[in-house]
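K.L.:
here is the input, now give the coordinates:
(chains A, B, C and D)
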Protein chains: 2
Amino acid sequence: MTTRLDRAVIRDLAMFRDLAEADLDAVLAAATTKRLAPGDIVFNQGEIADAFFVLLHGRLKVTQTTPDGQQVVVRHVNPGEVFGIARAVRRPDFPGTAEAVVESLALGWPSDHWDVLTARCPALAVNALATVGQRLQDAHTRIRELSTEAVERRVAHALLRLVRQAGRKTDDGILIDFPVSRQDLAEMTGATLHTVSRLMAAWETKGLVASGRKRVVVRDPHALLMIAEGEG
Amino acid sequence: MTTRLDRAVIRDLAMFRDLAEADLDAVLAAATTKRLAPGDIVFNQGEIADAFFVLLHGRLKVTQTTPDGQQVVVRHVNPGEVFGIARAVRRPDFPGTAEAVVESLALGWPSDHWDVLTARCPALAVNALATVGQRLQDAHTRIRELSTEAVERRVAHALLRLVRQAGRKTDDGILIDFPVSRQDLAEMTGATLHTVSRLMAAWETKGLVASGRKRVVVRDPHALLMIAEGEG
DNA sequence: CGCGGTGTTTGCGTTTGCGCAACACTCTCC
DNA sequence: GGAGAGTGTTGCGCAAACGCAAACACCGCG
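P.N.:
This next block holds a predicted model:
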């Protein structure tokens, strides 16, 4: 917040594509930065959506909680992505809760500013449309998986998705670059903690994955893909 | 196509909110009308998205088919809604198949025209964003249901959603105003045809619903809501 | 170093919903 | 009016996944 932000920070983000340099400066001028420790909540489900954000660094988990207390992981927010744009889609409140899973850094703008910014840069609305559209595709993919695939395949898919989003190559295999618990995997796939644990244990003995406390390494992505695609 | 369209036709649709009269005329000038008989396909999954549409009258079903042939009903398109806006979200092809379930009437525009129209009317992009955002909410709701709720509750929810979208009051109860088969309900809820059939049969004896071939009447929405919310 | 909390494993009984299969009904088309 | 396809119904057996419960590893903290 005290440090001056350079436009290079946001220039390459999908959200700010095709914006003029001057516009980038205008956008940045209204932004505040927010540092987050693991476990910190950016906003809670149901709160008035008074701001929207871009994640510069780190990783967030967005969840929804049902009236009876069950949680579902809606998605993970990766660096460079916007989140909390409820107001842009004419929603007064946040539909989910955003929590940092690692040390993170975000930019924030007051929600009211969205209209100001889009009025100045119509490209913002167009980019937001593409972003939300992509998320809708992802959601439909997930609906299709939940509707038609067995738990085993869904968990395999979830792991592969994590690899794509946050995989970091190590000599041991591909490490998911942030803490993921069995519970998380369960909430991502609509399974129970127990079933996920059993699956992971089985895969561990087969050498497909290696995992510890909130830590997952995928050793054989190809074999996992076979399982995900149904011929495991 | 031959008949001249009046702007009153689209003025009140969410998509064309806040457009000037002149703009409405410009939009209509580029539109062609499309008459659809039940079973007609507007576009197929995977086809190049060369057009986008607004449904003026009737009802469509949008489905996705998995590589192994299983179908999922993504959503139903109701009068006044846009569909097939793949290009607006920067997708080259249609992610699903749109099929008329009753006699329908749609307006269509070439996809290339989207950029022309949004350039002229930025409000269109903003409205589209709100629309897609709403759909994303709906998708997340469905993901939550699929992840946490038992089949019975999901089917109850699906019926109530149909009532909201297409319910028509009759002296017999609330009729779903277009053909809905058990198979459809199954594909909407991630259950099998058989399970849905059994559920409907059970509800029929309890007087909650009355149904026949592709026809559903909800007689006791309140009781159905109790089931949907978990205390049935 | 011991302790509490959190995350993970594992066993066992249970149930839900699927898979298969046969049958009944209804609308359509010839 | 009859054949046939598309829908809907129902019974039965089974397996996958859940729910409960208890024990176990691991981490951070004082």
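K.L.:
contacts and neighbour counts: CA atoms only from here.
P.N.:
Will do.
K.L.:
just how off-centre is the helix or strand hosting A:D138 within its chain?
P.N.:
Applying DSSP states H and E as the criterion places A:D138 in helix A:122-148. Computed by Cα atoms, centre = their mean, to the nearest Å, the separation of helix A:122-148 from the middle of its chain amounts to 13 Å.
K.L.:
low-confidence ranges, chain A, go.
P.N.:
Applying pLDDT under 70 to chain A flags residues A:1-4, A:231-232.
K.L.:
what distance do you get for the residue nearest to the spatial centre of it to B:R90?
P.N.:
With distances taken as Cα atoms, centre = their mean, A:H76 lies nearest the centre of chain A, 1.9 Å away. A:H76 sits at a distance of 22 Å from B:R90 (criterion: Cα to Cα, to the nearest Å).
K.L.:
cool, A:S197 as well?
P.N.:
Distance of A:S197 to B:R90, given as Cα to Cα: 38 Å.
K.L.:
what does chain A put close to DNA strand C?
P.N.:
Applying Cα under 7 Å from any atom of the strand, one finds that chain A approaches DNA strand C through A:180-183, A:193-195, A:197-198, A:200-201, A:211-215.
K.L.:
okay, helices next: where are they in chain A?
P.N.:
With helices called from DSSP state H, chain A shows them at A:8-11, A:21-29, A:113-120, A:122-148, A:151-166, A:182-189, A:193-206, A:221-228.
K.L.:
alpha carbons of the last one, as PDB, please.
P.N.:
These are the backbone C-alpha positions of helix A:221-228, laid out as PDB (Å, rounded to 0.1, in the frame of the first residue of the first chain):
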ATOM      1  CA  PRO A 221       0.600 -38.500 -14.100                       C
ATOM      2  CA  HIS A 222       0.000 -40.800 -17.100                       C
ATOM      3  CA  ALA A 223      -1.200 -43.700 -15.000                       C
ATOM      4  CA  LEU A 224      -3.500 -41.300 -13.200                       C
ATOM      5  CA  LEU A 225      -4.800 -40.000 -16.500                       C
ATOM      6  CA  MET A 226      -5.700 -43.600 -17.400                       C
ATOM      7  CA  ILE A 227      -7.700 -43.900 -14.300                       C
ATOM      8  CA  ALA A 228      -9.300 -40.500 -14.900                       C
END
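K.L.:
and the angle from it to helix A:151-166?
P.N.:
140 degrees (axes from the mean of the first three to the mean of the last three Cα atoms, to 10 degrees).
K.L.:
give me the domain ranges for chain A.
P.N.:
A:8-146, A:150-228 (automatic domain parsing).
K.L.:
could you report the neighbour count for A:A26?
P.N.:
14 (other Cα atoms under 10 Å in any protein chain shown).
K.L.:
quick one, what contacts the residue in chain A that DNA strand D sits nearest to?
P.N.:
Nearest residue of chain A to DNA strand D, counting by Cα to the nearest atom of the strand: A:A191, 3.3 Å away. Listed by Cα atoms under 8 Å, 6 or more residues apart in numbering or on different chains, the contact set of A:A191 reads A:151, B:147.
K.L.:
could I get the phi/psi values of it?
P.N.:
Per-residue torsions, A:A191: phi -120, psi -180 (degrees, to the nearest 10).
K.L.:
close to DNA strand D: what parts of chain A are there?
P.N.:
For chain A, the residues in contact with DNA strand D (Cα under 7 Å from any atom of the strand) are A:150-152, A:190-192, A:194-196, A:212-213.
K.L.:
from those, pick the one nearest B:V42.
P.N.:
A:A150 (31.5 Å; Cα to Cα).
K.L.:
for the closest one, grab phi and psi.
P.N.:
Main-chain torsions, A:A150, degrees, to the nearest 10: phi -70, psi 160.
K.L.:
for the residue nearest to A:W203 when sequence neighbours are not counted, which residues make a bridge with it?
P.N.:
Leaving aside its sequence neighbours, A:W203 sits nearest to A:V209 (Cα to Cα, 6 or more residues apart in numbering or on different chains; 6.0 Å). For A:V209, the beta-bridge partners under DSSP bridges are A:V218.
K.L.:
you'd agree A:V209 is up against A:A223?
P.N.:
No - A:V209 is beyond contact range of A:A223, at 10.0 Å (criterion: Cα atoms under 8 Å).
K.L.:
pick out whichever of the two has more residues nearby.
P.N.:
Comparing A:V209 with A:A223 by other Cα under 10 Å, the one with more neighbours is A:V209, at 24 against 18.
K.L.:
check contacts around the more buried one.
P.N.:
Applying Cα under 8 Å, 6+ apart to A:V209 gives the contacts A:200, A:203, A:216-220.
K.L.:
okay, now A:A202: neighbour count?
P.N.:
13.
K.L.:
pretty sure A:L160 is touching A:P221, no?
P.N.:
Yes - using Cα under 8 Å, A:L160 and A:P221 qualify as a contacting pair, with a distance of 7.2 Å.
K.L.:
what about A:S197, distance to A:A191?
P.N.:
Distance from A:S197 to A:A191, counting by Cα to Cα: 10 Å.
K.L.:
interface residues of chain A facing chain B?
P.N.:
Within chain A, the positions adjacent to chain B are A:64, A:66, A:70, A:72, A:74, A:88-90, A:95, A:122, A:125-126, A:128-137, A:139-140, A:142-144, A:146-148, A:187, A:189-191 by Cα under 8 Å from any Cα of the partner chain.
K.L.:
redo that, cut-off 7 Å
P.N.:
Contact residues (Cα under 7 Å from any Cα of the partner chain) of chain A with chain B: A:72, A:88-90, A:122, A:125-126, A:129-130, A:132-134, A:136, A:139-140, A:143-144, A:146-148, A:190.
K.L.:
hmm, which of these are the buried ones?
P.N.:
A:72, A:88-89, A:122, A:125-126, A:129-130, A:132-134, A:136, A:139-140, A:143-144, A:146-148, A:190 (16 or more other Cα atoms under 10 Å in any protein chain shown).
K.L.:
picking that back up, who does the residue nearest to the centre of chain A bridge with?
P.N.:
Judged by DSSP bridges, the bridge partners of A:H76 are A:K61.
K.L.:
in stretch A:209-225, what counts as buried?
P.N.:
Neighbour-count burial for stretch A:209-225 flags A:209-211, A:216-221, A:223-225 (criterion: 16+ other Cα under 10 Å).
K.L.:
can you pick out the most distant pair from the residues you listed?
P.N.:
Farthest pair in these (Cα to Cα) is A:S211 and A:L225. Separation: 17.8 Å.
K.L.:
picking that back up, packing partners for the helix holding A:D138?
P.N.:
helix B:122-148 (3 or more Cα pairs under 7 Å, 6 or more residues apart in numbering or on different chains; DSSP states H and E).
K.L.:
can I get the buried residues of stretch A:209-225 in a markdown table including distance to A:A31?
P.N.:
Formatted as a markdown table, these follow (distance: Cα to Cα, whole Å):
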| residue | distance to A:A31 |
| --- | --- |
| A:V209 | 41 |
| A:A210 | 41 |
| A:S211 | 39 |
| A:V216 | 35 |
| A:V217 | 36 |
| A:V218 | 38 |
| A:R219 | 41 |
| A:D220 | 42 |
| A:P221 | 40 |
| A:A223 | 45 |
| A:L224 | 42 |
| A:L225 | 41 |
